[in-house]
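Engineer: Sequence below, structure please.
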Amino acid sequence: MFRKVLCTISGIAYCNSPHINFVNQRFFTQSRNMKIGTHDGVFHCDEVLACYMLKLLPEYKDAVIVRTRDTAKLKECDIVVDVGAVFDHDKKRYDHHQREFNETLSSLKPELGEKFKIKLSSAGLIYTYYGEEVLKQFIPKNASLSPTDLTVIYKKVYQNFIEEIDAIDNGVPIASEEPRYKIRTNLSSRVGRLNPEWNSKQTVNLDAVFEKAMTLVSDEFEYTVNYFISVWLPAREYVRSALDNRFEIHKSGQILEFTERFPWKEHLFDLEEEMNIGHEIKYVLFNDKPNSWRVQAVPVNPTSFVTRKPIHKNWWGVRDEVLSDVAGIEGCIFCHSTGFIGGNTTREGALRMAVVSLEAEA
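Structural biologist: As a prediction, the model looks like this:
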């Protein structure tokens, strides 16, 4: 974790963190380190995240961060993000504010497909070109990722972290209609709140506050990446195996069985597409705890509360012996009031609940 200590000696501002160094403009030409340039003044989540990601790379690990809009000083930087009105990967210039700039992850990396159509911010640009190397810094020393798995993680981290930052910074609305409520606790908002208020009379060292913002994004980014590498990815092969064996569970091939509880929804949708089997799967079975099995209806997308085919409607909100009597299935525990999940004391009972629901009229 970054140490939040800023010292000032002879007018030179620097941080004793092993990851982050800042210089003010008077010290700029004296530093021999690599230099990451970004704008001064009010900061936003995208350039904070861009700088943090660069500092994870061996090449920029000891780089100083120069916050300025002085064109001459930016020219002396080894890499510049979110300022300078230039996007040129060969020259390591990554601004996105130009009128003609409309690049997306899909336009710059067409091999990833057409689904990544949000205009990139400086964070997205840095992730586009350096993201795979950034992710490699999080791989445990005793593990490795195949090129295919690295690409999978690369896309998931973009979708579940970077894309949000890109969209918010570029003013892309989350929905075509007016949202019914606003989210003000997202990472971009929390980073923005670190800037001094317009009517604050307090003198603030913005370089120190920028470091605090980098620590904030580091916590979120590290959690996301570690989750996808260490928790999410290992579940992928379990889902693939369940798909391969689905006809052994039921002749329809529309019911999966998992041997334990783990994150499966995104894997299922990805693998259905990858394996070209359509959206056939309607239910999954898994052992929740001793003497407790679950049958869960597959949603229409990983985050939806709407399911492809809910559990039998006559069972919604019914529990225990009453549910067993209504369903004609021994050992029923419950059925959720929306029909997205139900429980039984045995695997056989849960499977029977899934089969009866599958065969029921919509």
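Engineer: So if we follow the domain assignment, how does the chain break up?
Structural biologist: As given by automatic domain parsing, the domain ranges for the chain are 6-232, 237-359.
Engineer: any idea of the mean pLDDT in the longest one?
Structural biologist: For domain 6-232, mean pLDDT is 89.
Engineer: Offset the numbering so it begins at 20, please.
Structural biologist: Sure, I'll start numbering at 20, so the last one becomes domain 25-251.
Engineer: In CSV, list the domains of the chain along with mean neighbour count.
Structural biologist: All C-beta atoms are positioned from the backbone trio N, CA, C, and that covers glycine. Conversion of the domains of the chain to CSV gives the following (neighbours: other Cβ atoms under 10 Å):
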stretch, mean neighbour count
domain 25-251, 17
domain 256-378, 17
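Engineer: how close does Ala162 sit to Met72?
Structural biologist: The spacing between Ala162 and Met72, counted by Cβ to Cβ, to the nearest Å, is 21 Å.
Engineer: repeat for Glu256
Structural biologist: Where Met72 is concerned, Glu256 sits at a distance of 28 Å (Cβ to Cβ).
Engineer: With His115 instead?
Structural biologist: The spacing between His115 and Met72, counted by Cβ to Cβ, is 15 Å.
Engineer: same deal with Glu119?
Structural biologist: From Glu119 over to Met72 (counting by Cβ to Cβ), the distance is 25 Å.
Engineer: Excluding covalently adjacent residues, which one is nearest to Tyr181?
Structural biologist: To be clear, residue 181 is Ile; Tyr isn't right here. Beyond its immediate neighbours in the sequence, the residue positioned closest to Ile181 (Cβ to Cβ, 6 or more residues apart in numbering) is Tyr146, lying 4.9 Å away.
Engineer: what about the one you found, which helix or strand?
Structural biologist: Secondary structure assigned from DSSP states H and E places Tyr146 in helix 141-155.
Engineer: ditto for Val99
Structural biologist: Val99 is part of strand 98-100, with elements assigned from DSSP H and E.
Engineer: Run through the neighbouring helices and strands of that strand.
Structural biologist: In this structure, strand 98-100 makes packing contacts with strand 54-57, helix 64-74, strand 112-113, helix 141-155, judged by 3 or more Cβ pairs under 8 Å, 6 or more residues apart in numbering; DSSP states H and E.
Engineer: Distance to Ile84 added to the ones you listed, as JSON lines?
Structural biologist: JSON lines is the format used below for those (distance: least, Cβ to Cβ, whole Å):
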{"stretch": "strand 54-57", "distance to Ile84": "5"}
{"stretch": "helix 64-74", "distance to Ile84": "6"}
{"stretch": "strand 112-113", "distance to Ile84": "14"}
{"stretch": "helix 141-155", "distance to Ile84": "13"}
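Engineer: Looking at those, spot the one closest to Arg212.
Structural biologist: Within the helices and strands packed on strand 98-100, the stretch nearest Arg212 is helix 64-74; the backing value is 10.8 Å (Cβ to Cβ).
Engineer: Tell me the strands beside the very next helix or strand once past the closest one, with direction?
Structural biologist: Next along the chain after helix 64-74, taking DSSP H and E as the criterion, comes strand 83-86. Using DSSP bridges, the neighbouring strands of strand 83-86 in the sheet come out as strand 40-42 (parallel), strand 54-57 (parallel).
Engineer: Which residue would you name as the spatial centre of this protein?
Structural biologist: Central residue of the chain (Cα atoms, centre = their mean): Asn179, 2.3 Å from the mean position.
Engineer: wait, what's in contact with the residue lying closest to that residue once chain neighbours are set aside?
Structural biologist: Distance criterion Cβ to Cβ, 6+ apart; nearest residue to Asn179, sequence neighbours excluded, is Thr243 at 6.2 Å. Contacts were defined as Cβ atoms under 8 Å, 6 or more residues apart in numbering; by that measure Thr243 touches Val176, Asn179, Phe180.
Engineer: where's Thr243, which helix or strand?
Structural biologist: Assigned by DSSP H and E, Thr243 belongs to helix 225-246.
Engineer: Distance check, Met72 against Thr234.
Structural biologist: Counting by Cβ to Cβ, the gap between Met72 and Thr234 amounts to 14 Å.
Engineer: Lys174 now?
Structural biologist: Taking Cβ to Cβ as the measure, Lys174 falls 26 Å from Thr234.
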